[in-house]
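1. Quick check, what structure comes out for this input:
(2 chains)
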Protein chains: 2
Amino acid sequence: MPESALPIPPLFHTSPEDVRALCRSNTAGTVTAGMAAGFIQANLVILPKAYAEDFAEFCRLNPKPCPLVGMSQPGEYDTPTLGRNLDIRTDLPLYRVWRDGVLTDEVTDILSFWQGDFVVFALGCSFSFENAFMACNVPMRHFETGQGVSMYRTNIACTPVGPFSGPVVVSMRPFRSPDLIKATEISSRIPLAHGGPVQIGFPEEIGIIDIEKPDYGARTEIRPHELPAFWACGVTPQAVLAASRLPFAITHAPGAMLVTDIPIPDYENLVSEHSGKII
Amino acid sequence: MPESALPIPPLFHTSPEDVRALCRSNTAGTVTAGMAAGFIQANLVILPKAYAEDFAEFCRLNPKPCPLVGMSQPGEYDTPTLGRNLDIRTDLPLYRVWRDGVLTDEVTDILSFWQGDFVVFALGCSFSFENAFMACNVPMRHFETGQGVSMYRTNIACTPVGPFSGPVVVSMRPFRSPDLIKATEISSRIPLAHGGPVQIGFPEEIGIIDIEKPDYGARTEIRPHELPAFWACGVTPQAVLAASRLPFAITHAPGAMLVTDIPIPDYENLVSEHSGKII
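-> Presented below is the predicted three-dimensional model:
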């Protein structure tokens, strides 16, 4: 596989298990972007069992914003399909605790909150396709500026289930044509990380009135000969969850994802095929 | 697999071998577009052995315009990897014979031209990805109007080998965003049919000055909220071959392709995954 010409973050080639160990000891920082390339990172949602069936169905019906990577049995915090030696209560850098839809705590572990009826959901995250973009020499403006990605509420409604409903939220990255093509091809091969884009070039078609004013994250400059491309985003389930005002829920804090052991399928070929020029 | 909502051509679900039998008896018409969906169709180039090694290398170095699907031994006209019971001398609808770069004959078989030192090259063709677009409900303007696709010479030079050199020629199809995303994702999964697009949205970046004036084929209307997408095109090797002024060569006639038995990899999944809405 050709080496990337872009700057590579320090934990890019570190294994998921090692990244989780660093998170467990609170020595990996609070943002897992650029870590453990080739593996699926995930949004975390923990709900009491009473809401789990509806939420699982919500994910199943809205796979672009909520790609379900894994789900635990009630009370299980070491789901082996998500990670070897996993303890979901300690292995993310930062957690948020919600009561009645209101954020009440931000903590580095949830040992003291854990209950036997909790069900864990892991939903794919754009960090996985962004790592693949980096490995394939597709530069991203929000990495260059060090600011967060721009995110927007759209006029696309999620298919509602029980208490769960709301608009699809998208993230935006501007690209010139060759990188746009690579980004589309690469992300479409990683459905567990939101898959391919949902819109290219015409933000108003998905209800985005002012591209200069994201609903979440920072503004991103779009330069001449660039087109904005929009991907379904993991902020969707977070917004849906807050709006549902469940009595109790736990999520990851923004950027502090679960790094799973689940490999991106066919990752080595994906990177080799897309590292060079498109023609 | 969901059924396509688009009009499906008569021989869309016919097997390659049956299509070839119809071509052999000159009862399939002279254009193989829309036939034998799920299989690779190919541009045909037949050269005396003296030029075969250079041409094979030219294809290897220019895989987007010249994806090498198969190649015969000298004198072999029934290459089994291309098709069961194949006779390359009769199984295309129409052939062109070239002497010193000049078209001298257009014939329905090449039995009387065949020589023992001929080497057959099959190079992938856009008909294969267009069939996949149709199966996935991606409409194409040039099918709606019944005119040919628009093609343009670009400022991208093929990597030259021996007598073979020239610019990459591209075909253009305009799409709205959801179909553009599907078309990019689908075509990128079929590298034997030119793979993904080489440019989206900015024709001037590849040296196309006037999109209204194609170098080959008919003009295509681009409507508001559509972006033009460009794919490397099989006219590239044809133009390269004519420019090389070889003493003798045989090709297919435009649109009269070799329908091979080579399946598009993972075709059933490709179609199921891309037949519906993108979100």
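
2. Residue nearest the middle of chain A, spatially speaking?
-> For chain A, the residue nearest the mean C-alpha position is A:C125 (1.8 Å; C-alpha atoms, centre = their mean).

3. Please verify my assumption that that one contacts A:A193.
-> Yes - counting by C-beta atoms under 8 Å, A:C125 does reach A:A193; the two are 6.3 Å apart. Where C-beta positions appear, they are placed from N, C-alpha and C, glycine not excepted.

4. Find residues that contact each of these two.
-> Shared contacts of A:C125 and A:A193, defined by C-beta atoms under 8 Å, 6 or more residues apart in numbering or on different chains, comprise A:I40, A:Q41.

5. tell me which element A:E185 is part of?
-> helix A:177-188 (DSSP states H and E).

6. Which strands border the helix or strand that comes right after that helix, and is each parallel or antiparallel?
-> For helix A:177-188, the following helix or strand on the C-terminal side (DSSP H and E) is strand A:199-200. Applying DSSP bridges, strand A:199-200 is found paired with strand A:226-232 (antiparallel).

7. and the residue in the stretch 1-150 of chain A that chain B sits nearest to, what pLDDT?
-> Closest to chain B within the stretch 1-150 of chain A is A:K64: 4.7 Å, counting by C-beta to the nearest C-beta. In this prediction, A:K64 carries a pLDDT score of 98.

8. What of A:P93?
-> At A:P93, the pLDDT value in this model is 97.

9. which SS class is it?
-> Following DSSP: H, G, I helix; E, B strand; the rest coil, we place A:P93 in the coil state.

10. Now stretch A:153-170 - C-alpha only, PDB.
-> Extracted in PDB, the C-alpha atoms of stretch A:153-170 (Å, rounded to 0.1, in the frame of the first residue of the first chain):
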ATOM      1  CA  ARG A 153     -30.100  20.100   9.700                       C
ATOM      2  CA  THR A 154     -31.800  19.000   6.500                       C
ATOM      3  CA  ASN A 155     -35.300  18.800   5.300                       C
ATOM      4  CA  ILE A 156     -35.000  15.000   5.100                       C
ATOM      5  CA  ALA A 157     -37.000  13.400   7.900                       C
ATOM      6  CA  CYS A 158     -35.800  10.200   9.600                       C
ATOM      7  CA  THR A 159     -38.400   7.400   9.500                       C
ATOM      8  CA  PRO A 160     -39.800   7.800  13.000                       C
ATOM      9  CA  VAL A 161     -40.200   4.900  15.500                       C
ATOM     10  CA  GLY A 162     -41.900   5.300  18.900                       C
ATOM     11  CA  PRO A 163     -40.300   8.300  20.700                       C
ATOM     12  CA  PHE A 164     -37.600   8.700  18.100                       C
ATOM     13  CA  SER A 165     -37.900  11.200  15.200                       C
ATOM     14  CA  GLY A 166     -36.300  14.200  13.700                       C
ATOM     15  CA  PRO A 167     -34.400  15.500  10.700                       C
ATOM     16  CA  VAL A 168     -31.300  14.000   9.200                       C
ATOM     17  CA  VAL A 169     -28.200  16.000  10.100                       C
ATOM     18  CA  VAL A 170     -25.400  16.100   7.500                       C
END
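
11. can you map out the helices along chain A?
-> Using DSSP state H, the helices of chain A run over residues A:16-24, A:49-61, A:126-135, A:141-145, A:177-188, A:235-244, A:267-274.

12. export those helices to TSV and tack on mean neighbour count and distance to B:D105?
-> Below are the helices of chain A laid out as TSV (neighbours: other C-beta atoms under 10 Å in any protein chain shown; distance: least, C-beta to C-beta, whole Å):
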stretch	mean neighbour count	distance to B:D105
helix A:16-24	21	64
helix A:49-61	17	60
helix A:126-135	26	51
helix A:141-145	16	56
helix A:177-188	23	40
helix A:235-244	21	62
helix A:267-274	17	41
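
13. In TSV, list those along with mean pLDDT and distance to B:V45.
-> Listed next are the helices of chain A as TSV, based on pLDDT from 0 to 100; distance: least, C-beta to C-beta, whole Å:
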stretch	mean pLDDT	distance to B:V45
helix A:16-24	97	49
helix A:49-61	98	49
helix A:126-135	98	36
helix A:141-145	93	44
helix A:177-188	98	27
helix A:235-244	94	50
helix A:267-274	97	26
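
14. I'd like those helices written out as CSV, with distance to chain B added.
-> Formatted as CSV, these follow (distance: least, C-beta to the nearest C-beta, whole Å):
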stretch, distance to chain B
helix A:16-24, 27
helix A:49-61, 12
helix A:126-135, 13
helix A:141-145, 17
helix A:177-188, 4
helix A:235-244, 11
helix A:267-274, 8
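
15. JSON lines please, covering those helices and showing distance to B:M257.
-> Output for the helices of chain A, formatted as JSON lines (distance: least, C-beta to C-beta, whole Å):
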{"stretch": "helix A:16-24", "distance to B:M257": "47"}
{"stretch": "helix A:49-61", "distance to B:M257": "42"}
{"stretch": "helix A:126-135", "distance to B:M257": "35"}
{"stretch": "helix A:141-145", "distance to B:M257": "42"}
{"stretch": "helix A:177-188", "distance to B:M257": "25"}
{"stretch": "helix A:235-244", "distance to B:M257": "44"}
{"stretch": "helix A:267-274", "distance to B:M257": "26"}
